[in-house]
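In: task: produce atomic coordinates for the following.
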Amino acid sequence: MERKQHIPVFIGCAVLLLLLLTVVFVLFFSPKDVSANHSGSQRVFGATYMTMNNPYYQELDALLRSNIEARGDVLLTRDPAMDQARQNQEILDRIDRGIAGVEPPPKPKPNRQAAATPFQAVKGKYRKPGTGCVSQINDHLWEGRYSPKVNGKRMARNIYAPTEAECEEKLATLIAEMKQELALLRAKKPAV
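Out: Numbers count the residues shown, from 1 in each chain. Coordinates of the predicted model:
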């Protein structure tokens with residue numbers, strides 16, 4: 001009586017084992033790539049890297065995958081884990097299965113119709129001596145500085161303006177005024 005109860009369990013296990021073996025055979029030993037059975041114009045691309053432990057290859061694979069899948073195609077990635085023979089075998093298997101390689105997009109032709117920008121000379125880094133210095137502090141504020149040496153000491157004065165042109169004008173006025181002051185100081189100084 002016990003044997004009759006074990007027969008359905010035995011048959012159930014046998015059927016389950018048979019299903020499992022069929023799935024394993026189809027996935028691993030099938031002569032044709034199951035994923036290559038795609039519909040319509042969908043293409044299957046293959047990529048293999050020396051190792052997927054390297055973040056460079058992970059980023060490269062993610063970028064390839066997003067571009068390929070955006071077009072409705074499929075990317076199959078394999079990791080040979082630093083085994084050159086395994087990587088060569090994976091490549092040969094993909095060639096045999098008819099999986100497409102990665103094709104670079106065609107280079108865009110340069111647009112020669114773009115209008116040329118007018119030439120503007122870049123102001124030099126250094127100004128002539130005695131002309132002061134102009135610098136931009138922020139979006140709406142420019143600073144002009146003139147600092148001549150008087151009796152071996154630097155005497156500095158600053159002016160501020162909202163635009164560069166206005167700052168240059170104010171700086172020219174400041175320099176003229178300071179030169180007059182310096183002439184008076186030099187005139188007052190007794191000759192030794």
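
In: distance of the closest residue in space to residue 48 that isn't next to it in sequence from residue 72?
Out: Leaving aside its sequence neighbours, residue 48 sits nearest to residue 78 (Cβ to Cβ, 6 or more residues apart in numbering; 4.6 Å). In this view, the C-beta of every residue, glycine as well, is placed from N, C-alpha and C. Here the criterion is Cβ to Cβ, to the nearest Å. By it, residue 78 lies 22 Å from residue 72.

In: compare these two and say which is more crowded by neighbours.
Out: Taking other Cβ atoms under 10 Å, residue 78 and residue 72 do not tie; residue 78 has more neighbours (17 against 11).

In: now do the helices in the protein.
Out: For the chain, the helices defined by DSSP state H occupy 2-24, 55-70, 84-97, 164-188.

In: what would the ones you listed look like in TSV with mean pLDDT and distance to residue 136?
Out: TSV is the format used below for the helices of the chain (pLDDT from 0 to 100; distance: least, Cβ to Cβ, whole Å):
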stretch	mean pLDDT	distance to residue 136
helix 2-24	70	71
helix 55-70	84	39
helix 84-97	77	57
helix 164-188	86	7
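
In: switch those over to JSON lines; also include distance to residue 133 and mean neighbour count.
Out: What follows is the helices of the chain, written out as JSON lines (distance: least, Cβ to Cβ, whole Å; neighbours: other Cβ atoms under 10 Å):
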{"stretch": "helix 2-24", "distance to residue 133": "79", "mean neighbour count": "9"}
{"stretch": "helix 55-70", "distance to residue 133": "47", "mean neighbour count": "13"}
{"stretch": "helix 84-97", "distance to residue 133": "63", "mean neighbour count": "14"}
{"stretch": "helix 164-188", "distance to residue 133": "8", "mean neighbour count": "13"}
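
In: adding distance to residue 144, write those helices out as a markdown table.
Out: Shown next, in a markdown table, are the helices of the chain (distance: least, Cβ to Cβ, whole Å):
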| stretch | distance to residue 144 |
| --- | --- |
| helix 2-24 | 82 |
| helix 55-70 | 50 |
| helix 84-97 | 67 |
| helix 164-188 | 3 |
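
In: so which of those is nearest residue 45?
Out: The closest of these to residue 45 is helix 55-70. By Cβ to Cβ, the value is 5.5 Å.

In: show me the protein divided up by domain.
Out: Structural domains annotated on the chain: 42-103, 133-188, as defined by automatic domain parsing.

In: of those domains, which is nearest residue 10?
Out: The stretch from the domains of the chain with the least distance to residue 10 (Cβ to Cβ) is domain 42-103; that distance is 37.9 Å.
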